[in-house]
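# make a model of this:
(one chain, ligands or ions: 2)
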Amino acid sequence: MQKSACDSRPNLCGHTPVELAELFRERGEASWRSDQVFQWIHKKQIFDFGEMSNLGKGLREQLAGEFATMDLVAVRHAVSRISDCEKFLFRLSDGEHIESVWMDFGDRQTLCVSSQVGCAMGCSFCATATMGLKRHLQADEILQQVLYVQSLPGKDLRNIVFMGMGEPLHNFDEVDRAVRLLNDPLGMAIGARRITVSTSGLVPQIRRLADEGVPCRLAVSLNAVNDPLRGELMPINRKWGLDELFDACRYWTDKRKDRVTFEYILMDGVNDAEEDLKGLRSRLSRLPCKLNLIYYNPTDRGYRSSETRVYDRFFEALRNSPFAVTLRQNMGTDISAACGQLLVEESRG
Ligand code: SAH
Ligand code: SF4
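Ligands and ions are numbered 1, 2, ... in the order given. Purely as a prediction, here's the structure:
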């Protein structure tokens, strides 16, 4: 499922310095030019070849004729009035749309990026799921979300989370490439501990992520602690159940010597009972991990967020567990900041 052929010029944002060097060599240019171009794009967010002042005029013109850099177009930019949160709706070069969400938690600016147009996983509570999977994003399209936002005044991204549209581990190779590019010391140089890939639970790919040393941390969207309920909310659980999922998480923590972050949205009357609380405590006490309790942003999928007192109950009851618990601030509900929401609303006009 590749990008359609309507964009004529290859995009350089997804090229590694080594690939750029090869490209320059083929054109009879010194290969060290590649580091310069990489730095202009990734470190300085200069996308216009004409402004790359340390390159010769001829080379600049040649590059501009042959390659693209920033071809995402921000067609909507919504700024929350209630929290430090902004949402971007981007048009891709083939006319498809994706979203990114910027959040400022005080000490660190975070960008939540999309990895696919839509998603194939079909989770019952998620707005993105209603689109189905349109296509995977290419690494350059993932990078461009980050580079675009970083280029804006006042933006200084320190944290990247793959929690926007799509299932990142379903698009493993492009996400792997994007993570390595974000981590590259010549570019954004975002540390492995500051890039988080979130998955609904693709078990073999969790193991692959661990084995291949992709410089990132792992988050798992849990949302239920018994197989029947999780299978109902997240169909992927019918393929790989909770025991297999936790085995893969254990594999991650052993191999990477890093904890896993579990995400849990509390939905009224669905997964917020005392036995869910007990199940969470019991499952999560068995491996190095952290739990993020997340507020459910309303969609029209028929679920309601639990009441605040239920979040407080879970938080208080789990505070003294062997694992850390955080209650994620309710960000950007006024701009439909949850995954896929803005796009689904737009498409309904
Ligand atoms: N596909 C990956 C990453 C994108 S979804 C995954 O599922 O992990 C990122 C997170 O958004 C998931 O934890 C999911 O549970 C959560 N989410 C989906 N819809 C939401 C909503 N309406 N409100 C709050 N969080 C939501
Ligand atoms: Fe896809 Fe994640 Fe939404 Fe599930 S929660 S449909 S995996 S984006």
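# count the neighbours of Ala317 for me.
Ala317 has 15 neighbours, counted by other C-beta atoms under 10 Å. To be clear about C-beta, it is placed using only N, CA and C from the backbone, and glycine gets the same treatment.
# report the separation between it and Leu266.
Going from Ala317 to Leu266 by C-beta to C-beta, to the nearest Å gives 12 Å.
# then Gly241?
Taking C-beta to C-beta, one finds Gly241 at 22 Å from Leu266.
# these two: who's more crowded?
Leu266 (22 against 16).
# any residues of the stretch 151-300 of the chain in contact with ligand 2? List them.
Proximity of the stretch 151-300 of the chain to ligand 2, by C-beta under 6 Å from any ligand atom, involves residues 166-167, 200, 221.
# ok, the nearest residue to Gly166 once chain neighbours are set aside - contacts?
The shortest distance from Gly166 to any non-neighbouring residue, by C-beta to C-beta, 6 or more residues apart in numbering, is to Gln116 (2.9 Å). By C-beta atoms under 8 Å, 6 or more residues apart in numbering, the contact set of Gln116 is 133-137, 165-168, 170-171.
# please apply the same query to Phe323.
Here Phe323 is in contact with 259, 284-285, 288-291 (C-beta under 8 Å, 6+ apart).
# cool, and Asp48?
Asp48 makes contact with 64, 69, according to C-beta under 8 Å, 6+ apart.
# how far away is it from ligand 2?
Note on Asp48: its distance to ligand 2, by C-beta to the nearest ligand atom, to the nearest Å, is 34 Å.
# mind listing what the most centrally placed residue in the chain touches?
What sits nearest the mean C-alpha location of the chain, by C-alpha atoms, centre = their mean, is Phe162, with 1.3 Å. Phe162 sits next to 112-113, 115, 168, 175, 195-198 when contact means C-beta under 8 Å, 6+ apart.
# excluding covalently adjacent residues, which one is nearest to it?
Pro168 (4.2 Å).
# can I assume Tyr264 is in contact with Val220?
No: counting by C-beta atoms under 8 Å, Tyr264 stays clear of Val220, with 9.9 Å between them.
# span of stretch 143-156 from start to end?
Criterion C-alpha to C-alpha, to the nearest Å; first-to-last residue distance in stretch 143-156 is 15 Å.
# buried residues in it?
143-150 (16 or more other C-beta atoms under 10 Å).
# domain parsing for the chain?
According to automatic domain parsing, the chain comprises the domains 12-66, 73-335.
# and the shortest one, how far out from the chain's middle?
Think domain 12-66. 27 Å (C-alpha atoms, centre = their mean, to the nearest Å).
# what average pLDDT does it get?
What domain 12-66 shows for mean pLDDT is 94.
# now do the contacts for the residue nearest to Met70 when sequence neighbours are not counted.
Counting by C-beta to C-beta, 6+ apart, Phe47 is the residue found nearest to Met70 once chain neighbours are left out, at 3.9 Å. Each residue near Phe47 by C-beta under 8 Å, 6+ apart is listed here: 41, 69-70, 147, 151.
# near ligand 1, which residues of this protein show up?
Neighbours of ligand 1 within the chain, by C-beta under 6 Å from any ligand atom: 125-126, 163, 167, 198-200, 221, 223, 263, 265, 294, 296-297, 299, 338-339.
# can you give me the first-to-last residue distance of stretch 96-116?
10 Å.
# list the contacts of the nearest residue to Gln39 once chain neighbours are set aside.
Using C-beta to C-beta, 6+ apart and skipping residues adjacent in sequence, the residue nearest Gln39 is Leu186, 5.9 Å away. By C-beta under 8 Å, 6+ apart, the contact set of Leu186 is 17, 35, 38-39, 42-43.
# and Val214, by the same measure?
176, 179-180, 197.
# what about the strands in the chain?
Ranges of strands in the chain, per DSSP state E, are 73-79, 85-91, 97-104, 109-112, 116-118, 133-136, 157-162, 195-199, 217-221, 260-265, 289-294, 324-327.
# okay, those in a markdown table with mean pLDDT next?
Shown next, in a markdown table, are the strands of the chain (pLDDT from 0 to 100):
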| stretch | mean pLDDT |
| --- | --- |
| strand 73-79 | 95 |
| strand 85-91 | 95 |
| strand 97-104 | 95 |
| strand 109-112 | 95 |
| strand 116-118 | 98 |
| strand 133-136 | 98 |
| strand 157-162 | 96 |
| strand 195-199 | 98 |
| strand 217-221 | 98 |
| strand 260-265 | 97 |
| strand 289-294 | 95 |
| strand 324-327 | 94 |
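# as TSV, the ones you listed with distance to Met234 would be great.
Putting the strands of the chain into TSV (distance: least, C-beta to C-beta, whole Å) gives the following:
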stretch	distance to Met234
strand 73-79	28
strand 85-91	24
strand 97-104	21
strand 109-112	19
strand 116-118	16
strand 133-136	15
strand 157-162	17
strand 195-199	11
strand 217-221	7
strand 260-265	11
strand 289-294	14
strand 324-327	21
